[in-house]
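Trainee: Fold the following.
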Amino acid sequence: MTRVFHDQEFHSFFDRNSGKTFINLEFRNCNFVSCRISSTRDHRRRSKVRNVRIVDCEERGCVLDAAIVEDVLVDGLKTHTLLQTWGAVFKHVTLRGKLGDLMISPYVSAFIASGMKDLNLQEAFDKANHLYYSSADWALDIREAEVVSADLRGVPGRLVLRDPETQFLLSRENALQGKWKDVDLTGTHWKTSIEFFLETSLESQVLVAPKKNPRFRPLLAGLWALRDAGVLE
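Mentor: Numbers count the residues shown, from 1 in each chain. Purely as a prediction, here's the structure:
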């Protein structure tokens, strides 16, 4: 049985090293402030989020750490700053409707992402996440997502269901060939995005032209230029 929450505010909920499973929940028109899920440095103690629906909600200052997220729908989510995930994995998660700024990072923490390396910690999560994705049929469905921005470096591109007109697949093989360096991408951030992708261990990533971004048209044109050059699929 699903527990449904309407028009409620959740403030300063902090989940650390619990290994809990949050299951069968639905949130409608709710507000999340300074909440954090699955903060842990041990991949065996990460929390799970299963069978959850988030509809027309709003968040401010929240973080999703290294959780296992499965069978989840996010349909409309206002973000006041960049909503980040750190080392989380996803299976059968649908993002649709109007969404804010999203970043799915392969790094376990912002400290590691900024160069303060904890190689043993990152390697442990990289191995656990690779094993998790090796048996997944798909991770994210973003075909109907209208985002302000979306950085999906933490999810293998082959496991993302995408709109082929605005969301393109970049493979490591194509990126390493370097043809993207000769494409005119003035006014876009795509060269930086490709450089960041090459710093990860992923074999592929989806690049998204964000439909709610004021620069949607030039960003989309840049992706099509890369597509025409054979860099993207």
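
Trainee: show me where pLDDT drops low in the protein?
Mentor: 110-118 (pLDDT under 70).

Trainee: Tell me where it has helices.
Mentor: Shown for the chain, the helices assigned by DSSP state H span residues 110-113, 119-134, 172-177, 190-198, 216-228.

Trainee: Same list (the ones you listed) but as JSON lines, adding mean neighbour count.
Mentor: Where C-beta positions appear, they are placed from N, C-alpha and C, glycine not excepted. Below are these laid out as JSON lines (neighbours: other Cβ atoms under 10 Å):
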{"stretch": "helix 110-113", "mean neighbour count": "16"}
{"stretch": "helix 119-134", "mean neighbour count": "15"}
{"stretch": "helix 172-177", "mean neighbour count": "14"}
{"stretch": "helix 190-198", "mean neighbour count": "17"}
{"stretch": "helix 216-228", "mean neighbour count": "17"}
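
Trainee: Nearest approach to G97 belongs to which of the ones you listed?
Mentor: Closest approach to G97 among the helices of the chain (Cβ to Cβ): helix 216-228, 16.2 Å.

Trainee: orientation of the closest one relative to helix 190-198 in degrees?
Mentor: 60 degrees (axes from the mean of the first three to the mean of the last three Cα atoms, to 10 degrees).

Trainee: got a list of what the residue nearest the centre of the chain touches?
Mentor: For the chain, I104 is the residue whose C-alpha lies nearest the centre (Cα atoms, centre = their mean; 2.9 Å). For I104, the contact set (Cβ atoms under 8 Å, 6 or more residues apart in numbering) comprises Q84, T85, A88, F90, D151, L152, R153, G154, V155.

Trainee: Reformat those as TSV; add distance to E173 and neighbour count.
Mentor: Shown next, in TSV, are the contacts of I104 (distance: Cβ to Cβ, whole Å; neighbours: other Cβ atoms under 10 Å):
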residue	distance to E173	neighbour count
Q84	28	21
T85	26	23
A88	26	27
F90	24	28
D151	21	20
L152	18	26
R153	17	19
G154	20	22
V155	18	25
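
Trainee: re earlier: quick check: the closest residue in space to the residue nearest to the centre of the chain that isn't next to it in sequence vs F90, distance?
Mentor: Spatial nearest neighbour of I104, excluding adjacent residues (Cβ to Cβ, 6 or more residues apart in numbering): G154 at 3.9 Å. Separation of G154 from F90 (Cβ to Cβ, to the nearest Å): 8 Å.

Trainee: same question, K211
Mentor: According to Cβ to Cβ, K211 stands 21 Å off from F90.

Trainee: do R3 as well
Mentor: Distance of R3 to F90, given as Cβ to Cβ: 22 Å.

Trainee: Quick check, the residue nearest to I104 in contact with F125.
Mentor: No: in this structure, G154 is not within contact of F125 by Cβ atoms under 8 Å, at 10.4 Å.

Trainee: any common contacting residues for these two?
Mentor: The contact sets of G154 and F125 overlap at G87 (Cβ under 8 Å, 6+ apart).

Trainee: how about the contacts of I104 in a markdown table, adding distance to L220?
Mentor: Listed next are those as a markdown table, based on distance: Cβ to Cβ, whole Å:
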| residue | distance to L220 |
| --- | --- |
| Q84 | 24 |
| T85 | 25 |
| A88 | 27 |
| F90 | 25 |
| D151 | 16 |
| L152 | 16 |
| R153 | 20 |
| G154 | 23 |
| V155 | 21 |
